[in-house]
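J.: Have a look at this fold, sequence not included:
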């Protein structure tokens, strides 16, 4: 059973940086995609960035390009999201997700962490 635990959220000021971590366990992830999603109050959950665990290939949402960097440490089974130049509109609960490559993020095979709050004050 896949378990994901996020950490690193907090309250920062606009322009600051923050690094989120997602500790993954329960299986090997060589055939998985992992990703960061976020959900602001009153809005739907949206994709921030994803990474293929084996190859390291990444995909970013338009708002994340140039400011956020997704990465993973295979030895530690941990995924990261480095967020720079944070804006007030980045305020949200950030979730870590994992899914087998042959499935979708909305499918029943996707696993999710409990989320970590990021609040950016302007």
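T.: Okay, I see it. What you see is a predicted model, and the numbers here were worked out from it, not measured in a lab.
J.: and the residue most central in space within the chain, what does it touch?
T.: Central residue of the chain (CA atoms, centre = their mean): residue 36, 2.0 Å from the mean position. When contacts are counted by CB atoms under 8 Å, 6 or more residues apart in numbering, residue 36 touches 20, 22, 47-50, 70, 79, 81, 94-97. (Each C-beta comes from the backbone N, C-alpha and C, glycine too.)
J.: Return the member of those residues nearest to residue 116.
T.: residue 94 (5.4 Å; CB to CB).
J.: List buried members of the contacts of residue 36 by neighbour count.
T.: By neighbour count, with 16 or more other CB atoms under 10 Å, the contacts of residue 36 hold 20, 22, 48-50, 70, 79, 81, 94-97 as buried.
J.: In TSV, list those along with secondary structure and distance to residue 30.
T.: Listed next are the buried ones among the contacts of residue 36 as TSV, based on DSSP: H, G, I helix; E, B strand; the rest coil; distance: CB to CB, whole Å:
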residue	secondary structure	distance to residue 30
20	strand	22
22	strand	17
48	strand	23
49	strand	19
50	strand	16
70	strand	17
79	strand	14
81	strand	21
94	strand	24
95	strand	22
96	strand	18
97	strand	17
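J.: Going by distance to residue 122, which of these wins?
T.: Nearest member of those to residue 122, counting by CB to CB, is residue 94, at 18.5 Å.
J.: quick one: the closest one and residue 38 touch, right?
T.: Yes: the pair residue 94 and residue 38 qualifies as a contact (CB atoms under 8 Å) at a distance of 4.8 Å.
J.: okay, and the common contacts of the two?
T.: Joint contacts of residue 94 and residue 38 (CB under 8 Å, 6+ apart) are 48, 118.
J.: returning to what we had before: okay if I get the buried ones among the contacts of residue 36 as CSV plus distance to residue 115?
T.: Formatted as CSV, the buried ones among the contacts of residue 36 follow (distance: CB to CB, whole Å):
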residue, distance to residue 115
20, 10
22, 11
48, 12
49, 16
50, 17
70, 17
79, 14
81, 13
94, 6
95, 5
96, 8
97, 10
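J.: Okay, and the beta partners of residue 93?
T.: Per DSSP bridges, the residues bridged to residue 93 are residue 39, residue 117.
J.: With that, I have no additional questions.
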